[in-house]
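Participant: fold the following and give me the result.
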Amino acid sequence: MSLSRSLVGRMVRAARLEVNLYEEVEADATALPQALLVVIIANLAIGLGSALGILITAGAVWFPWAFLWGFGAIVGWFIWSFIVYLIGTRIFRGTQTSATYGELLRTLGFSASPGVIGFLCFIPFLGFTIWLAAVGWQLVAMVIAARQALDFSTGRAISTCLVGFAGMVVFFWGIRAAVGLLL
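Facilitator: Model (predicted):
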């Protein structure tokens, strides 16, 4: 496998915001396991970096939290991509819009690649700034991924991601409220 199609090569290209990478993984039905690994790696990096930061500053940390962060990210990836899929193919659908859930799942999975820098969140005084940079970079990558997978304009992709984010917040607040009622 060439470096450009290897997991690391694809992650680097995704982090560089290479449009061709998002087109490539959209078309590659075998890339789903790689997309899942990207989500796991990127979110474990953020979780471990944050856990190490707490260890350095507070002297104690609950390391399983980093792994729960990774598990939550996988669930969030499936839910987020489905919400974006519904919004992009139903509400903001353009004349050229054509996508399957799998295509969007793969491209949005690779858009998590910039999160790997989140491992550096442990650096004192810079951790939060690094976290913000990682999340911001991921958001830009998500817009590009949605734009490429859904075959529409950047404006529609931004709108889709913003409405999708609002939908995700409502969904998780609903779950939180339901769980709170059960406890």
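Participant: ramachandran angles for the spatially most central residue of the chain?
Facilitator: Centroid-nearest residue in the chain, with CA atoms, centre = their mean: Ala112, separated by 3.8 Å. Per-residue torsions, Ala112: phi -80, psi -10 (degrees, to the nearest 10).
Participant: that one and Arg10, how far apart?
Facilitator: From Ala112 across to Arg10, the span is 12 Å (CB to CB, to the nearest Å). All C-beta spots, glycine's among them, are computed from the backbone N, C-alpha and C.
Participant: between these two, which contacts overlap?
Facilitator: Common contacts of Ala112 and Arg10, defined by CB atoms under 8 Å, 6 or more residues apart in numbering, comprise Val38.
Participant: may I ask you to confirm that the residue nearest to the centre of the chain is in contact with Gly76?
Facilitator: No: the criterion here is CB atoms under 8 Å, and Ala112 misses it with Gly76 at 10.0 Å.
Participant: which helices and strands sit right next to the lengthiest helix in the chain?
Facilitator: Longest helix of the chain, by residue count under DSSP state H: helix 154-182. Under the contact definition 3 or more CB pairs under 8 Å, 6 or more residues apart in numbering; DSSP states H and E, helix 154-182 sits against helix 64-86, helix 127-150.
Participant: same question for the last one, mean pLDDT?
Facilitator: Right, helix 127-150. For helix 127-150, mean pLDDT rounds to 93.
Participant: many thanks, I have nothing further to ask.
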